[in-house]
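Trainee: next come a sequence and a model predicted from it.
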Amino acid sequence: MNRSAASPTNTGNSRVTAVLGPTNTGKTHLAVERLCGHASGIIGFPLRLLAREVYEKVVAAKGAASVALITGEEKIVPPGARWFLCTVESMPLDREVAFIAIDEGQMGADPERGHVFTDRLLRARGYAETMILGSETLRPLIRKLIPEAEIITRPRFSTLAYAGPKKLSRLPRRTAIVAFTAAEVYAIAEMLRRQKGGAAVVMGSLSPRTRNAQVAMYQSGEVDYLVATDAIGMGLNMDIAHVAFAALGKFDGKRQRRLSLSEMAQIAGRAGRHQRDGTFGTVQLGSEANCSFTPEEIEGLEEHRFDPLTHLVWRNTDLDFSSLPRLVATMDERPFRPELVRSDDAIDLGVLKRLAGEPWVMERASSRMLGERGLFRLWQACSLPDYRKTGVEAHTRLVGRVFRHLTEGRGRLPDAWIASEIAHLDRVTGDVEAIADRIAAARTWTYVAHRPDWVDNPIQWAERTRALEDRLSDALHGALTQRFVDRRTAVLLKDLKARGVSAHVLIEPDGGVAVDGEMIGRLDGFRFTADAAARAGEQRLLLAAAERHLSRELAARARRLALAEDAEFALDFDGSLPPRLLWQGARVAVLRKGRDALAPRVELDRAITALGPDDRRRVAERLERFVGEAIAHVAAPLAKVQALRAEVSAPARGLIVQLVEGLGVLAREHVAQQLVGVTRADRQALSRCGVRMGPLHLFVPALLRPEPTRWRLALWAVASELASLPPLPSPGRVSLSGAAVEAPADVLLVAGFWRLGSGKDAIAVRIDMVDRLSRHIHERRDGRAPFMPDPNWASTLGLSQDGLARLLRALGYRPRLVDGAPHFAWAGPPRPAIRRSTPADEAIPLARGNEASPFASLAAMMRR
């Protein structure tokens, strides 16, 4: 056969890289970074939803005028477009670009679409770089079919663990339940509405707009559960902690079969995100014998070990349009490699073979007037996707009508026909299934509208079909939300008198609220979360009975809170804002900006506003007293310093004011002028009150302990009205590196750290440790005479040897070689700006040895 179909396009000196690994490894992010780093490029995605998502990101980075989006139903191609985000089927391979990437390369084994992915893997090449993204199962086939490819393995950022089977009512929050038919998805979502208050729904048949709206509802926390088909396994990035399989088998278009291990992994891998671990298991909906993992499957999923792919699906792309029989024959040709298997007849080929038996089609396809163009027109029409999944027979009738119009008159589809079809679909009434079917039909006309050689006024039709699909998508989202989500108020209405029979209300120790033995919600602290488990006719009676009991319970809780000991309260602050106040582990208030950093305002939780005025006042007064006493305890050293203002000079008073405003930490460079006027007596007074004047900072050591630091950061963030904070340093850390140092310098300073350098090589050291090191060296050195650093200093400070050398240079010391041994010598006072180490500096290693460190007090500091 002619093997040109397997010859790469745009080869040049292209570097081919295969990035393989499980889900949650950042492969797509890497490809987007590489795309933006080249002068031009194309990425092919398996879903138009993913193509649209990445398109928006690249537009934000490169500008809309330079970025194109091409899918079967959408084309945005500016004249100067250089970067293209596409579905795999729509990749413009006739363009010469520097970079090409194919996402989810293992889809080459898919019986239905695999031949398209295989073609791109074998032929699509950027002239500078080509990247193939996929699972580890692709490795042996990449080795055989693309031997020149460099294979890079990306490990998963987090772990995936088996959590066993669970009842639907016991599934944890942030769970995705996966089923394999629309009927199962709808049934599970209905059960979740009754038991958990609602669920979002994601299926491959939904439009991107509807899927985005459903995902946004889940991501925002409006619902805590997601019900999806296996479409969830491909690139949808969501905050999912647990994946529960409702079944482990599906109908693949030919037969009912069990999922392969790689298919299970693709779905289960959605649990966990970045460095947060995830779990997977099954959900028990009845006696599902097919819904349990084998020990071998569990081990394979947890260890990411799967059987490698043995073949990819292939179809000839070197088509012969000289005659209809030759076209069909070239489509039926066998693959040229044992690793490739011929695909089953896809819908386009099935339609072509059926139309080939129609005399009028044979006549038009072989017309001398049209030549090969007539046959090419026929193949274009057969390529119209069957979005409605109507099957070969029904889809053939639609394609036949399209081909008839394309081969008569002006070769365009009549405007009247398109308009009537769109008008027929432009209805937002009906149930979920009816609206979803209209969206599928609308996608057909969206596809048609983006074929400028098929229609007159393609821009007009594209706008009309887009507007139609948007209206239907919004209607479908509304229908799904109405059917599967029951939004309820957080606290039941007060003073509502029940009518009819009374009901028994029980509040369980874990906060569950049961009415006549039926769970209707949870009460956490003062916040009630309702459930819609009761039938509609019983809703009012049950909720009224619960409201009467909750009113008394909330009032009783308010009285208990007002009399509670300080040990029952806590500040919940890990960097997320605003800081929360907890009572017995439940959120009751947040801190907001007050008159100054040491006097924040206490804002009661919205659930507490349902209390009576007296109860609200008592709760507010108790929380304000707790906050005031906690701040007084934490900031006691600052109060001691403030009391000095009447005893010291004016420069020292100004210094004290700034030190208090900085919550106990101050950079010397910001108060250099005041320090000039500070007398010896001032310094002694400040020292007696616990103020340490280090080489680069003024600070109160007692405020650098973990709990005072957590409070100071919370108070500073509230007073600064920040929207967010980076993760806080772990308690007890004396140095930081990597991502922890990327926080703004003022955040690190309040946390008690001094940052050296910038970028990925930056480090940060706790300022009290810098002060101790500086004082120790000052006592040890003899003027400017060189001294040998203690080799234990680095480990005590949690630094590498290079990090210690950088710290010493930042403190004003420079490396020297004395008799071939590494030393440091005083070179002048430290400067705020820290230069990078030079090769000459790094060539001088620090001393190594086992002698006892004279700097042993640092170890005691770390234990504190």
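Mentor: Sure, I can see it.

Trainee: residue contacts, Met362?
Mentor: The neighbourhood of Met362, defined by C-beta atoms under 8 Å, 6 or more residues apart in numbering, consists of Leu324, Ala356. All C-beta atoms are positioned from the backbone trio N, CA, C, and that covers glycine.

Trainee: how about 10 Å then?
Mentor: Ser323, Leu324, Pro325, Leu355, Ala356, Leu378 (C-beta atoms under 10 Å, 6 or more residues apart in numbering).

Trainee: and the longest helix for this protein?
Mentor: Secondary structure of the chain per DSSP state H: the longest helix is helix 458-484.

Trainee: just for the stretch 401-550 of the chain, where's the confidence low?
Mentor: 486-505, 514-520, 529-549 (pLDDT under 70).

Trainee: just the chain next, same as before
Mentor: Within the chain, the ranges that satisfy pLDDT under 70 run 1-13, 23-25, 233-236, 273-275, 286-290, 368-372, 486-505, 514-520, 529-549, 830-864.

Trainee: as a check, name the ranges of all helices in the stretch 751-864 of the chain.
Mentor: 767-780, 792-797, 801-810, 839-842, 857-863 (DSSP state H, counting those that start in this stretch).

Trainee: equivalent analysis for the stretch 401-550 of the chain, please.
Mentor: Along the stretch 401-550 of the chain, counting by DSSP H, counting those that start in this stretch, helices occupy 415-425, 432-449, 458-484, 539-562.

Trainee: got those helices as JSON lines, with distance to Met107 and mean neighbour count columns?
Mentor: Formatted as JSON lines, the helices of the stretch 401-550 of the chain follow (distance: least, C-beta to C-beta, whole Å; neighbours: other C-beta atoms under 10 Å):
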{"stretch": "helix 415-425", "distance to Met107": "30", "mean neighbour count": "14"}
{"stretch": "helix 432-449", "distance to Met107": "20", "mean neighbour count": "21"}
{"stretch": "helix 458-484", "distance to Met107": "25", "mean neighbour count": "19"}
{"stretch": "helix 539-562", "distance to Met107": "47", "mean neighbour count": "18"}
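
Trainee: same list (those helices) but as TSV, adding distance to Asp782.
Mentor: Listed next are these as TSV, based on distance: least, C-beta to C-beta, whole Å:
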stretch	distance to Asp782
helix 415-425	90
helix 432-449	82
helix 458-484	77
helix 539-562	63
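
Trainee: what's the longest strand in this protein?
Mentor: For the chain, the longest strand by residue count, based on DSSP state E, is strand 586-596.

Trainee: what residues of that one count as buried?
Mentor: For strand 586-596, the neighbour count (16 or more other C-beta atoms under 10 Å) marks Ala586, Arg587, Val588, Ala589, Val590, Leu591, Lys593 as buried.

Trainee: verify the contact between the fourth one and Val619 for me.
Mentor: Yes: when contacts are counted by C-beta atoms under 10 Å, Ala589 is listed as touching Val619 (8.2 Å).

Trainee: which neighbours do these two have in common?
Mentor: Joint contacts of Ala589 and Val619 (C-beta under 10 Å, 6+ apart) are Trp583, Val602, Leu604, Asp605, Ile608.

Trainee: need phi/psi at the first one.
Mentor: Main-chain torsions, Trp583, degrees, to the nearest 10: phi -130, psi 120.

Trainee: and it, how many residues sit next to it?
Mentor: 22 (other C-beta atoms under 10 Å).

Trainee: check contacts around it.
Mentor: Contacts of Trp583 by C-beta under 10 Å, 6+ apart are 525-526, 557, 560-561, 564, 568-570, 589, 605, 619, 622-623, 626.

Trainee: same check, this time on the second one
Mentor: For Val602, the residues meeting the contact criterion (C-beta under 10 Å, 6+ apart) are 581, 588-592, 594, 619-628.

Trainee: coming back round to it: cross the contacts of Trp583 against strands and list the overlap.
Mentor: Phe569, Ala570, Ala589.

Trainee: the first one bridge partners, please.
Mentor: Pointing back at Phe569 there. Taking DSSP bridges as the rule, Phe569 bridges to Trp583.

Trainee: isn't it up against Leu581?
Mentor: Yes: taking C-beta under 10 Å as the definition, Phe569 is a contact partner of Leu581 at 6.6 Å.

Trainee: okay, and the common contacts of the two?
Mentor: Val588, Ala589, Leu623, Phe626, Val627, Ala630.

Trainee: want to try CSV for those, with distance to Tyr218 as columns?
Mentor: Output for these, formatted as CSV (distance: C-beta to C-beta, whole Å):
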residue, distance to Tyr218
Val588, 27
Ala589, 28
Leu623, 33
Phe626, 36
Val627, 35
Ala630, 37
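
Trainee: ok, the residues you listed vs Ala68, which is closest?
Mentor: Nearest to Ala68 among these, counting by C-beta to C-beta, is Ala589 at 50.4 Å.

Trainee: please tell me how far that closest one sits from Arg601.
Mentor: According to C-beta to C-beta, to the nearest Å, Ala589 stands 10 Å off from Arg601.

Trainee: now swap in Ser473 and tell me
Mentor: 43 Å.

Trainee: picking up where we left off before, the longest strand of the chain - contacts with which helices or strands?
Mentor: Contact partners of strand 586-596 among helices and strands, from 3 or more C-beta pairs under 10 Å, 6 or more residues apart in numbering; DSSP states H and E: strand 518-524, strand 527-530, helix 539-562, strand 569-572, strand 580-583, strand 599-604, helix 613-634, helix 706-719.

Trainee: of the ones you listed, which approaches Phe484 most closely?
Mentor: From the helices and strands packed on strand 586-596, taking C-beta to C-beta, the stretch that ends up closest is strand 527-530, at 15.9 Å.
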